[in-house]
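Chemist: need a structure here:
(chains A and B)
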Amino acid sequence: MNSIQKIFQEKDRNLLSIYFTCGYPELNDTNTVIKALEKNNVDFIEVGLPYSDPLADGPTIQDSSQQALKNGINLDIVFKQLMDIKATNKTPLVLMGYLNQMLKYGEDNFCQKVVACGIDTLIIPDLPMVEFENHYRALFDKYGLTNVFLITPHTSEDRIRKIDAYTNAFIYVVASASITGAKGEISPKQIAYFNRIKALNLQSKLIIGFGISDKTTFTTACSYANGAIIGSAFIKNLKTNGINAIGNFISSVR
Amino acid sequence: MKSKFQPDKNGYFGQFGGAFIPELLHPNVKELEDNYIQIIESKEFQDEYKSLLKDFVGRPTPLYLAKTLSEKYGAHIYLKREDLCHTGAHKVNNTVGQILIAKKLGKTKIIAETGAGQHGVATATVCALMGLECTVFMGEKDIVRQAPNVARMKMLGAKIVPATSGSKTLKDATNEAIRYWIQNPETFYLIGSVVGPHPHPDMVARLQAIISEEMKWQLKEKTGKENPDTIIACVGGGSNAAGAFYHYFDTEEVTLIAVEAAGLGVNSGESAATSQLGEVGIIHGSKTILMQDEYGQIVEPYSISAGLDYPGVGPLHAYLYESGRAKFMNATDKEALAAGYELTKLEGIIPALETAHALAVLPKIQFKKDQVVVLNLSGRGDKDLETFIKHLED
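Modeler: Now for the predicted structure:
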């Protein structure tokens, strides 16, 4: 059983996950942010690996990634930071990055380091299903890692069923045809899409993300899925109000 | 027999290619993949494409024996005059073809990225021709250095969106176009080079293949043989080279030379010579050779030429490089400028800065007497006059 499945065993409604960018706002804030999120009972944490060309991300996460890279973050530092917090952190971490980072680091080397940090779940938005089937599935299996697939309003039912079969953690339900970033309210069209996914009776747990930013959107998302991920809104809050305001932000959402 | 320079079913040329795209783009890319070959090979498409190439673009473009240049370098140097295409470069071959594919797929909104502005202009032009809505993404830095093309696109009715992220050049314009595409999946992404996720590199190569298709019969007429000894073309993303090489990929006796931009020098830290500085990586949905740091962060390239200022190269070219089928050379800013001035004086043709890089390798090659060389004169230099004038006194 992986770390995310364990969480779902204890709780399968209203899960709150927060995305943050490693090395932001300052290089050594990674673990301060993780500690604050744990203290505020976030259910699992999406740890973003800053990338120079994050295609699936909107301006907020792009900016935080650029800043983190300017701060001097790199994969070796990230892995060191995550090793440092491994012993004390009890909240599952999910690693989110782009495929080229893994490729350049060396796929086996990358997987070994991830496992050593006590992480078993990956989100790689530019890893397509066919590449997963042809190569990465075997690689991840070798290290006991699991991959989170994204589905969108345009993903066909056939494809969703396949993704469901490949899923061991959760399916990341992208809330709209969009990149990351807050968009205000959830529209009736999105509700119809959430209902359509719900009606498929998938075996996998569902977590909604992209455009979830506050109590209203979080609560709405949770009524159609097992939980939701907040990313850009959290980063914006970090930028404006700093690390000390993490508690307030989490309370304002729940 | 299928050429090994055609992609396999997953869009790979050797180890390069594929479609590394977020799930959101899957339906769009799949739709194109399922239809592009059938459309391109249909009689209806071919009739309309060829008719537009002839009467709208002005094809066939001449194959011109540059006598003075030939004398100077001791070879028979033919210039394939893509600079005489409508809108000033080979780019329009591709946009005419893709706009017909877009129409066939029922798309009404077109997006494109542009570096030097040539692809943006070529896209805005075919959108004006077909009455389709056009949005062009262009790096903020390129908007400044290619002002005349920005004005042309606006006249043609295109909306220009500045890319303000990263290095604010072609790479970032492409990122922004892809992000917009994710958010507006009903749009057709009219990509400007042999880059991006499969099937884009193959589709664009097929649409540029008209260049070498014409070269074959033109050379036959002029020299009695369809094969030259050498073909030279500049490479940013690689579309003009793909077109100039296309019908010669499997003709091993034809030497293919791809010329990259070395900027201030290959090892100066200010360069765009991807094959020399890059390693295997993923950019814009394609596995290729990529300029990146030790952690896979994409490095910002540099060249005086906005059209060559790209940290990757198309997957087909990565394969041409790795397999040794094409020889990769490079030219610095300075060498390109000198070659541009030289062609202007010797032959009365002002080339684009991109094309000037291809010309700049002529002094570096030892030609045999009677060697037949075709240099793909991919674009004209009108858009670069400001840069040429600025360096005239150097």
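
Chemist: how many residues are close by residue 183?
Modeler: Unless you meant another one, I'm taking chain A. Residues lying near residue A:183 (other Cβ atoms under 10 Å in any protein chain shown) number 17. For every residue, glycine as well, the C-beta is placed using N, CA and C.

Chemist: meant chain B, my bad for not saying
Modeler: 15.

Chemist: tell me the contacts of it?
Modeler: Applying Cβ atoms under 8 Å, 6 or more residues apart in numbering or on different chains to residue B:183 gives the contacts A:177, A:178, A:179.

Chemist: could you check the pLDDT of the closest residue to the last one other than its chain neighbours?
Modeler: With sequence-adjacent residues excluded and distances taken as Cβ to Cβ, 6 or more residues apart in numbering or on different chains, residue A:179 is closest to residue A:58, at 4.6 Å. According to the per-residue confidence, residue A:58 scores 92 in pLDDT.

Chemist: what of residue B:171?
Modeler: Residue B:171 is given a pLDDT of 91.

Chemist: about what we covered before: could I get the contacts of residue B:183 in CSV, plus columns for secondary structure and neighbour count?
Modeler: Formatted as CSV, the contacts of residue B:183 follow (DSSP: H, G, I helix; E, B strand; the rest coil; neighbours: other Cβ atoms under 10 Å in any protein chain shown):
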residue, secondary structure, neighbour count
A:177, coil, 19
A:178, coil, 19
A:179, coil, 25
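
Chemist: show me what contacts the residue nearest the centre of chain B?
Modeler: Centroid check for chain B by Cα atoms, centre = their mean gives residue B:239 as the closest residue, at 3.0 Å. The contact partners of residue B:239, taken as Cβ under 8 Å, 6+ apart, are B:90, B:91, B:94, B:192, B:193, B:194, B:204, B:205, B:208, B:314.

Chemist: residue A:241 contacts residue A:247, correct?
Modeler: No. Under the criterion of Cβ atoms under 8 Å, residue A:241 makes no contact with residue A:247, lying 10.6 Å away.

Chemist: for the stretch 1-150 of chain B, which residues are neighbours of chain A?
Modeler: B:10, B:18, B:19, B:20, B:21, B:22, B:23, B:24, B:26, B:27 (Cβ under 8 Å from any Cβ of the partner chain).

Chemist: and the residues you listed, which of them are buried?
Modeler: By neighbour count, with 16 or more other Cβ atoms under 10 Å in any protein chain shown, those hold B:18, B:19, B:20, B:21, B:22, B:23, B:24, B:26, B:27 as buried.

Chemist: any idea which of those is least confident?
Modeler: For those, the weakest pLDDT value sits at residue B:24, with 89.

Chemist: so is residue B:310 in a helix, a strand, or just coil?
Modeler: coil (DSSP: H, G, I helix; E, B strand; the rest coil).

Chemist: quick check: closest non-adjacent residue to residue B:17.
Modeler: residue B:315 (3.9 Å).

Chemist: can you tell me which residues contact the one you found?
Modeler: B:7, B:11-13, B:16-18, B:194-195, B:201, B:286-288.

Chemist: for the stretch 51-200 of chain A, give me the ranges with low pLDDT.
Modeler: Scanning the stretch 51-200 of chain A for pLDDT under 70 picks out A:182.

Chemist: taking the stretch 101-250 of chain A, what residue is nearest to chain B?
Modeler: Going by Cβ to the nearest Cβ, chain B is nearest to residue A:104 of the stretch 101-250 of chain A, at 3.1 Å.

Chemist: give the contact list for that residue.
Modeler: Counted by Cβ under 8 Å, 6+ apart, residue A:104 has contacts B:279, B:281, B:292, B:294, B:295, B:296.

Chemist: confirm for me that the fifth one is in contact with residue A:77.
Modeler: No. When contacts are counted by Cβ under 8 Å, residue B:295 is not listed as touching residue A:77 (9.6 Å).

Chemist: ok, how many other residues are close to residue 47?
Modeler: Let's take chain A. 24.

Chemist: sorry, I should have been clearer: chain B.
Modeler: Neighbours of residue B:47 (other Cβ under 10 Å): 10.

Chemist: okay, domains of chain B per the record?
Modeler: B:21-53+B:91-204, B:59-88+B:210-391 (automatic domain parsing).

Chemist: start and end of the longest one, how far apart?
Modeler: Right, the one you point to is domain B:59-88+B:210-391. Start-to-end span of domain B:59-88+B:210-391 (Cα to Cα, to the nearest Å) is 33 Å.

Chemist: could you do stretch B:142-151 as well?
Modeler: 13 Å.

Chemist: ok, and what's touching that stretch?
Modeler: B:114-118, B:120-121, B:138, B:160, B:162, B:168-170, B:173, B:306, B:309, B:382-383, B:385-387.

Chemist: re earlier: the residue nearest to residue A:179: what's it in contact with?
Modeler: Residue A:58 neighbours (Cβ under 8 Å, 6+ apart): A:178, A:179, A:180, A:181, A:232, B:179.

Chemist: mind picking the two most distant members of those residues?
Modeler: Using Cβ to Cβ, the two most remote members of the contacts of residue A:58 are A:232 and B:179, lying 13.6 Å apart.

Chemist: can you count the residues close to the closest residue to residue B:13 other than its chain neighbours?
Modeler: Nearest residue to residue B:13, sequence neighbours excluded (Cβ to Cβ, 6+ apart): residue B:319, at 3.8 Å. Using other Cβ under 10 Å, residue B:319 has 22 neighbouring residues.

Chemist: tell me the mean pLDDT for the strand or helix carrying residue B:319?
Modeler: Assigned by DSSP states H and E, residue B:319 belongs to helix B:315-322. For helix B:315-322, the mean per-residue pLDDT is 98.

Chemist: how far off centre is the next helix or strand after it?
Modeler: Going down the chain from helix B:315-322, the next helix or strand is strand B:326-332, by DSSP H and E. Distance, stretch centre to chain centre, for strand B:326-332: 15 Å (Cα atoms, centre = their mean, to the nearest Å).

Chemist: tell me which element the closest residue to residue A:143 other than its chain neighbours falls in.
Modeler: Nearest in space to residue A:143, with sequence neighbours left out and distances taken as Cβ to Cβ, 6+ apart, is residue A:111 at 4.1 Å. According to DSSP H and E, residue A:111 maps onto helix A:107-116.

Chemist: and residue A:72, by the same measure?
Modeler: Using DSSP H and E, residue A:72 falls outside every helix and strand.

Chemist: ditto for residue B:136
Modeler: Residue B:136 belongs to strand B:133-139, assigned by DSSP H and E.

Chemist: which other helices and strands contact that strand?
Modeler: The contact analysis (3 or more Cβ pairs under 8 Å, 6 or more residues apart in numbering or on different chains; DSSP states H and E) places strand B:133-139 against strand B:109-114, helix B:118-130, strand B:159-163, helix B:170-183.

Chemist: comparing these, which gets the lowest mean pLDDT score?
Modeler: Minimum mean pLDDT among the helices and strands packed on strand B:133-139: helix B:170-183, a mean of 93.
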